[in-house]
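Participant: Only the shape, not the letters, is given here:
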């Protein structure tokens, strides 16, 4: 397994849409294993393939990160097929949007269809925190960052902060 670089905003690859996984081969399995290692090392609770510069539709996540390693999930080609209600994800953050957290409106529950890493079809209903994590990671696969879901003012303040930081790093 290898640790991968996590792309950071404003990298344009983060706005790319992922392509479906059509062949679950050794290369895809290695990508999944590397994503898992990278996510835990970051440390994070979820990682989408777009964040590591891979345009295949893969997400990995572990809701119990730090407690037990028993709830690791791998989804290929995940799609939200139903949403219900509304909630606010308080203080949401992202490995690709460092040093920024914000409240984000999300669906309170979602139904997801996906494939597991062996290619078996899955259909799960997720609520509350689980639903928020899935929506966040699936957004990545659709080229959407969580800062696209916050107010224009907060987004502009963050963009200015990043531009200033990039200028300082270039000096």
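Facilitator: Looks like it came in fine. Computed from a prediction, not measured in an experiment: that's the story for all the values here. Numbers count the residues shown, from 1 in each chain.

Participant: Please spell out which residues along the longest strand that the chain contains are buried.
Facilitator: With secondary structure taken from DSSP state E, the chain has its longest strand at strand 72-84. By 16 or more other CB atoms under 10 Å, the buried positions in strand 72-84 come out as 73-78, 80. C-betas here are computed from N, CA, C, even on glycine.

Participant: so how far is the very next helix or strand once past that strand from its chain's centroid?
Facilitator: Following strand 72-84 in sequence order, the next helix or strand is strand 87-94 (DSSP states H and E). Chain-centre distance of strand 87-94: 13 Å, with CA atoms, centre = their mean, to the nearest Å.

Participant: next one: stretch 63-81
Facilitator: The answer for stretch 63-81 is 11 Å, by CA atoms, centre = their mean.

Participant: now for it, what's the gap between its first and last residues?
Facilitator: Chord length of stretch 63-81, first to last residue, is 21 Å (CA to CA, to the nearest Å).

Participant: Show me what the longest strand of the chain is packed against.
Facilitator: helix 26-41, strand 58-62, strand 109-115, helix 128-141 (3 or more CB pairs under 8 Å, 6 or more residues apart in numbering; DSSP states H and E).

Participant: Look up how far residue 146 lies from the residue nearest to residue 52 when sequence neighbours are not counted.
Facilitator: Of all residues not flanking residue 52 in the chain, residue 4 sits nearest, at 4.4 Å (CB to CB, 6 or more residues apart in numbering). The gap separating residue 4 from residue 146 is 20 Å, by CB to CB, to the nearest Å.

Participant: Looking at those two now, which is surrounded by more residues?
Facilitator: residue 146 (22 against 19; other CB atoms under 10 Å).

Participant: Could you pull up the contacting residues of the more buried one?
Facilitator: By CB atoms under 8 Å, 6 or more residues apart in numbering, the contact set of residue 146 is 92-94, 97, 102, 104, 136, 139.

Participant: go with 10 Å
Facilitator: 89, 92-94, 96-97, 100-102, 104, 106, 135-136, 139-140, 155 (CB atoms under 10 Å, 6 or more residues apart in numbering).

Participant: before we move on, the earlier item: going by secondary structure, the residue nearest to residue 52 is in what exactly?
Facilitator: With DSSP H and E as criterion, residue 4 is part of no helix or strand.

Participant: Next up, the contacts around it.
Facilitator: 31, 34-35, 37-39, 41, 47, 49, 51-54.

Participant: if you set the cut-off to 8 Å instead, what comes out?
Facilitator: 34-35, 38, 52-53.
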